[in-house]
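S.K.: next comes the sequence, and after it the predicted model I'd like to discuss.
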Amino acid sequence: MNRQIIENIMTGYNKKRLKAEQDADLRKDELYDRVPNLEEIDKQIKLNSIKISKIFLTKSANQEEEISKIKLEIESLKNKKKGLFIKYKIPQNFTEPDFECKMCSDTGYTQDGKRCKCFNKQITNHLYQMSNMVHMLKKENFDSFDINVFSSEPYSSEKLTPKQNMYNILQSCDDFCSNFDKTNMNLLFYGGTGLGKTFMCNCIAKSLIDEERVVLYQSAFNLFEILENHKFNRATESEENRMNYNLMFESELLIIDDLGTEFNNSFTNAELFNIINERLITEKKTIISTNLSLEQLASTYSDRIMSRVFNNFVPLKFYGKDLRWESK
């Protein structure tokens, strides 16, 4: 993602904010024509606020007493204004700007200086548009999910048939989406290739994106490539890479697909732990999909990682015949 996209997002915020402020001014002018004394009250409030600023600058001997007196006068004026609003049946916030995002007032940043959810949402939209994910999610979602592709015949030593098992998985995933704000649930999809794990990841991603959630979807290979570029190539790091890196920690849902396909070493282990641990601390949800068994995961990744996963993720096992092979 180049800087032009970020600049376009900020330009959009500026336009929204300016429009909201202009509309508020028009509503205020309308009230000044309709409500006697309201304009004069606003002028007096503004003048008294200027007086307080001047007193702070002059640092007079009676500064606190003078400021206290003016504040009482401002409070009295505000009560008169409130009384006029009640008398004329005007909503108290009628003259305030009606920003599209109440969290950041259409600035892109919250009061604590962090990027707002709406900013991250626009960034992820651009990331999805730049990848093939938009087209993939149109094809792979809960509406196109077909339970009948899974076998009703017993499979190996499993207690449930693949179809019965998939009903349970589908229910868990539906609960995950439906109760997204009410639970700290994280999901671990594991099992062989071609069993629907990536398809289910796409279903969840599409469902939550449609609800305006901030969802970052990355294959394990891409995820660690982003981490490597951020850690070792800061000087030449692209804006797109930096945004992806930040979203690993800030997105409402992070989906890591095909964990285990990356080149595993101490760096990947340390960075994976950092991501999982940080997201657990900040109560942001994560889905991990892997072709490895639980035993293979335990032997591949550090004890610290597996402790976080086994204690904080709901394991959902996919099994049956390779659907991709069956469809050929």
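M.R.: Done, it's in. From a predicted model like this one, the values you see are computed outputs, not experimental measurements.
S.K.: give the buried residues for the helix or strand hosting Gln171.
M.R.: Per DSSP states H and E: Gln171 is located in helix 162-178. For helix 162-178, burial by neighbour count (16 or more other C-beta atoms under 10 Å) applies to 162-166, 169-170, 173, 176-177. (Each C-beta comes from the backbone N, C-alpha and C, glycine too.)
S.K.: and for stretch 21-36?
M.R.: 21, 24, 27, 31, 35.
S.K.: could these be laid out in JSON lines, adding pLDDT, distance to Ser299 and secondary structure?
M.R.: Formatted as JSON lines, the buried residues of stretch 21-36 follow (pLDDT from 0 to 100; distance: C-beta to C-beta, whole Å; DSSP: H, G, I helix; E, B strand; the rest coil):
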{"residue": "Glu21", "pLDDT": "94", "distance to Ser299": "59", "secondary structure": "helix"}
{"residue": "Ala24", "pLDDT": "95", "distance to Ser299": "62", "secondary structure": "helix"}
{"residue": "Arg27", "pLDDT": "94", "distance to Ser299": "66", "secondary structure": "helix"}
{"residue": "Leu31", "pLDDT": "93", "distance to Ser299": "71", "secondary structure": "helix"}
{"residue": "Val35", "pLDDT": "93", "distance to Ser299": "75", "secondary structure": "coil"}
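S.K.: now for the helix holding Gln171, which elements pack on it?
M.R.: Applying 3 or more C-beta pairs under 8 Å, 6 or more residues apart in numbering; DSSP states H and E, we find helix 162-178 packed against strand 186-191, helix 197-210, strand 313-318.
S.K.: what about the helices in the protein?
M.R.: For the chain, applying DSSP state H gives helices covering 3-34, 38-58, 63-87, 117-130, 133-139, 162-178, 197-210, 220-232, 239-250, 266-281, 294-300, 303-312, 323-326.
S.K.: so which of those helices is nearest Asn186?
M.R.: Closest approach to Asn186 among the helices of the chain is made by helix 303-312 (5.6 Å; C-beta to C-beta).
S.K.: buried set for that closest one?
M.R.: Across helix 303-312, burial judged by 16+ other C-beta under 10 Å covers 305-306, 308-309, 312.
S.K.: just give me the closest of those residues to Lys82.
M.R.: Nearest member of the buried residues of helix 303-312 to Lys82, counting by C-beta to C-beta, is Asn312, at 49.0 Å.
S.K.: quick one: the closest one and Gln44, what's the gap?
M.R.: 57 Å (C-beta to C-beta, to the nearest Å).
S.K.: now Leu316
M.R.: Plainly put, Leu316 is 65 Å away from Gln44 if you go by C-beta to C-beta.
S.K.: repeat that for Arg279.
M.R.: 51 Å.
S.K.: may I have the beta-bridge partners of the residue nearest to Arg279 when sequence neighbours are not counted?
M.R.: Nearest residue to Arg279, sequence neighbours excluded (C-beta to C-beta, 6 or more residues apart in numbering): Thr286, at 5.3 Å. Under DSSP bridges, the beta-bridge partners of Thr286 are Leu254.
S.K.: run a quick neighbour tally on Thr286.
M.R.: 23 (other C-beta atoms under 10 Å).
S.K.: which ones are touching it?
M.R.: Applying C-beta atoms under 8 Å, 6 or more residues apart in numbering to Thr286 gives the contacts 186-187, 253-256, 275-276, 279, 313.
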